[in-house]
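**Student:** attaching a predicted model along with its sequence, questions to come.
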There are 2 protein chains.
Amino acid sequence: MLLSQTEENYLKAIYSLGYANSNKISTTLISAELNTKASSVTDMIKKLSDKDLVHYKKYQGVSLTEIGRDIAIEIVRKHRLWEVFLVNKLHYNWDEVHELAEQLEHIKSETLIDKLEAFLDFPTHDPHGDPIPDRNGNIEHHKNMMLSSIENGDSCVVIGIKDSSDPFLKFLDKLHIKLGSHLKVVSKEPFDNSMLVETESGSISISYQISKNLFVKKI
Amino acid sequence: MLLSQTEENYLKAIYSLGYANSNKISTTLISAELNTKASSVTDMIKKLSDKDLVHYKKYQGVSLTEIGRDIAIEIVRKHRLWEVFLVNKLHYNWDEVHELAEQLEHIKSETLIDKLEAFLDFPTHDPHGDPIPDRNGNIEHHKNMMLSSIENGDSCVVIGIKDSSDPFLKFLDKLHIKLGSHLKVVSKEPFDNSMLVETESGSISISYQISKNLFVKKI
DNA sequence: TTTTATATTTAGGTTAGTCTAAATATTTTA
DNA sequence: TAAAATATTTAGACTAACCTAAATATAAAA
């Protein structure tokens, strides 16, 4: 199945939207994700449906077929492995790599990605803590524990970022919070759900906005 | 100047055709190089001319402007650095990397290629012996000495391949000839211009076809 | 449950890059 | 140098991916 970059981007968008939302994805959601118009999405969806990559009934939204999902996961795999390359080998910062990986993920080759994976020593997670699917499309599920759900007095390690947008990552840099950072919840403020947190470099106040976008593991 | 992949490919084609041929490149030559029709080339040339990337007068052929050549050289730089990455880091064979580099050379980034170059320890030549332009577009000129011009009894080292096509590279592999190989010309056959050559792994007969596609340095 | 608001699809148009076929230049050959 | 061959350009058409505006379907509110 030889797909255009655009087709691949649609599949990826439907895949990632399927996580946050139910299984049926609306035309408008996709158009928002891809910065296109709803009518363009309808066009493309018909095409993808003809190729049996999505299930589609007029006005009922879309979902990925098995083949469609396999392809989407492969693109995610490529994206995340390239991100590891850019950060670990070329020394980019974690907030600089997304756009570049969006380009690199579309490079077509039977062998490239497996060779890259070996070269990188089979990493399991990308620089934002997101799991990297293996070559068969198996992908670890994020345990859904956010910093916001940690109780007073408990400690945890940051293992992932939910919102990997540029400004959020830059903000975390400023707070000296990164993957692997140890955090101890000192107190929580019921009024605005903010929390006082002890980090390696001192105590800081963290808003609810932030705390519900950090994946953590209790220790 | 934000160019499409197609535009970049036209510039690259004109640049590399300009080497073998005179400075004015014909429509037909370009169409042969890019596997398109002459009429398509005319269309694109007008577009590139409007952008001041080529000099063009109807029926007179094209040549690159200074800007056009700068861009072409940058693409060549990207292509060759990616080839080094694929061979040195991902352990591809030298005959497997061209197509992949054709894709990778179009990745758009202000910083990527310089970081890649540093990561590769500033290589000066790609896996086929072609010189890598520096970031200012300076590129070493191949001294034009081919194996075919070496005299009886003289020795040389292979420093480059003129025709880097897949079958030719595979053939060299079979003869155990690679960059750095030492060759001694034992005798030349005036009839068909073939030559008897001593290599590290024995004596072989080399056709004129082959000998005029190998760049060498006398030792 | 009817009306209103919103979402989705259809119809028709645009641009980049390609094509074929026809028209026009240039070059070669006689 | 005139005729024939070849090269180049123009004209008109196609596809992918997008758009706007209008039409239709679904969902929400009165």
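**Tutor:** The structure has been received and is ready for your questions. Here the structure is a predicted model, which means the values were calculated and not measured.
**Student:** now do stretch A:190-201: distance to the chain's middle.
**Tutor:** Distance of stretch A:190-201 from its chain centroid, counting by Cα atoms, centre = their mean, to the nearest Å, is 25 Å.
**Student:** which stretch of helix or strand covers A:L183?
**Tutor:** Secondary structure from DSSP states H and E places A:L183 in strand A:182-188.
**Student:** which parts of chain A sit against DNA strand C?
**Tutor:** Counting by Cβ under 7 Å from any atom of the strand, chain A comes close to DNA strand C at A:26-29, A:38-39, A:41-43, A:45-46, A:56, A:58-61. For every residue, glycine as well, the C-beta is placed using N, CA and C.
**Student:** now the residues you listed: which count as buried?
**Tutor:** For these, a burial check counting by 16 or more other Cβ atoms under 10 Å in any protein chain shown picks out A:26-27, A:29, A:41, A:45, A:56, A:61.
**Student:** among these, which lie within strands?
**Tutor:** Judged by DSSP state E, strands contain the following of these: A:Y56.
**Student:** of the buried ones among the residues of chain A next to DNA strand C, closest to DNA strand D?
**Tutor:** A:V41 (7.8 Å; Cβ to the nearest atom of the strand).
**Student:** what parts of chain A come near chain B?
**Tutor:** Neighbours of chain B within chain A, by Cβ under 8 Å from any Cβ of the partner chain: A:89-92, A:100, A:103-104, A:107-109, A:111-112, A:115-116, A:119.
**Student:** can you give me the neighbour number for the residue lying closest to A:T6 once chain neighbours are set aside?
**Tutor:** For A:T6, ignoring the flanking residues on the chain, the nearest one in space by Cβ to Cβ, 6 or more residues apart in numbering or on different chains is A:M44 at 7.2 Å. Here the count is done by other Cβ atoms under 10 Å in any protein chain shown, and A:M44 has 21 residues near it.
**Student:** was I right to think A:M44 contacts A:L11?
**Tutor:** No - counting by Cβ atoms under 8 Å, A:M44 sits too far from A:L11 to count as a contact (10.0 Å).
**Student:** residue contacts, the residue nearest to A:E102 when sequence neighbours are not counted?
**Tutor:** Excluding its sequence neighbours, the residue lying closest to A:E102 (Cβ to Cβ, 6+ apart) is A:H79, at 7.1 Å. Contact partners of A:H79, counting by Cβ atoms under 8 Å, 6 or more residues apart in numbering or on different chains, are A:12, A:101-102, A:104-105, A:126.
**Student:** hmm, which two among the residues you listed are most spread apart?
**Tutor:** Pairwise distances across those peak at 14.5 Å for A:K12 and A:D126 (criterion: Cβ to Cβ).
**Student:** more neighbours: which of those two?
**Tutor:** Neighbours per residue, other Cβ under 10 Å: of A:K12 and A:D126, the larger number sits with A:D126, 26 against 21.
**Student:** I'd say the more buried one and A:E83 touch.
**Tutor:** Yes - using Cβ under 8 Å, A:D126 is in contact with A:E83, at 4.6 Å.
**Student:** re the thing from before, filter the contacts of A:H79 down to the ones in helices?
**Tutor:** Of the contacts of A:H79, the ones assigned to helices by DSSP state H are A:12, A:101-102, A:104.
**Student:** relative to A:S181, which of those is nearest.
**Tutor:** Nearest to A:S181 out of the ones in helices among the contacts of A:H79 is A:A101 (Cβ to Cβ; 23.1 Å).
**Student:** separation between the residue positioned nearest the centre of chain A and DNA strand D?
**Tutor:** Closest to where the C-alpha atoms of chain A average out (Cα atoms, centre = their mean) is A:D130, at 5.9 Å. For A:D130, the distance to DNA strand D (Cβ to the nearest atom of the strand, to the nearest Å) stands at 25 Å.
**Student:** so which residues of chain A form strands?
**Tutor:** A:54-56, A:62-64, A:155-161, A:182-188, A:195-199, A:202-206, A:214-218.
**Student:** OK, contacts around the residue located most distally from the centre of chain A?
**Tutor:** Most distant from the centre of chain A: A:F191, at 30.4 Å, with distances by Cα atoms, centre = their mean. For A:F191, the contact set (Cβ under 8 Å, 6+ apart) is empty.
**Student:** wait, which of the strands of chain A is closest to B:L17?
**Tutor:** That would be strand A:54-56 among the strands of chain A, by Cβ to Cβ, at 43.7 Å.
**Student:** from the chain's centre, how far out does the closest one sit?
**Tutor:** 23 Å.
**Student:** what does it contact?
**Tutor:** A:11, A:14, A:45-46, A:48-49, A:62-65, A:68.
**Student:** can you check stretch A:127-135 too?
**Tutor:** A:73-74, A:76-77, A:80-81, A:83-84, A:87-88, A:94, A:97, A:113-114, A:117, A:123-126, A:139-142, A:158-161, A:164, A:169, A:179, A:215.
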